[in-house]
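Novice: Structure for this input, please:
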Amino acid sequence: MSYMLLIVEPRGQRAQRTEAEGRDLYDQMRAYAASLHARGKLLAAESLADDREGTRLQIREGRQRLTDGPFAEAKEMVGGFFLLDCDTREEALAIAADCPAAAWCTVEVRRAAPCFE
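Specialist: Below you'll find the predicted structure:
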């Protein structure tokens with residue numbers, strides 16, 4: 001069963017770090033990903049650029065609408081993700097509890113499922 005760990009961080013948090021602090025946290029996350037890969041649990045993982053570089057797309061009544069970031073209404077942003085292969089929700093939660101980012105972000109655990117469930 002696939003589970004996704006969404007790393008949800010406060011907007012602006014990255015700008016408060018020095019480059020050295022940011023690199024240290026990134027290295028911690030890379031080591032975490034490597035440990036999940038070694039255990040056969042990691043399907044994919046990526047860090048995402050700041051939402052200032054993002055664009056939202058909507059199509060309403062046949063018209064496309066693009067909104068470039070940053071997104072004023074958002075207090076948080078998805079900073080990255082881990083896609084896992086887990087047997088149970090409990091296993092996914094245990095893996096999330098070991099995520100270094102839980103100390104400075106929120107780790108949201110979501111099961112992959114069709115949208116009609």
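
Novice: Surely Phe82 is in a strand?
Specialist: Yes - Phe82: assigned to a strand according to DSSP: H, G, I helix; E, B strand; the rest coil.

Novice: and it, what does it touch?
Specialist: Contacts here follow CB atoms under 8 Å, 6 or more residues apart in numbering; on that basis Phe82 touches Met4, Leu5, Ile7, Ala33, Leu36, Leu42, Ala44, Ala45, Cys99. Where C-beta positions appear, they are placed from N, C-alpha and C, glycine not excepted.

Novice: contacting residues around stretch 34-45?
Specialist: With contact meaning CB under 8 Å, 6+ apart, stretch 34-45 is reached by Ser2, Ala33, Gly80, Phe81, Phe82, Leu83, Leu84, Asp85, Cys86, Ile95.

Novice: please redo it, this time with the cut-off set to 10 Å
Specialist: By CB atoms under 10 Å, 6 or more residues apart in numbering, the residues outside stretch 34-45 that reach it are 2-5, 7, 29-30, 32-33, 80-87, 91-92, 95, 98-99, 112.
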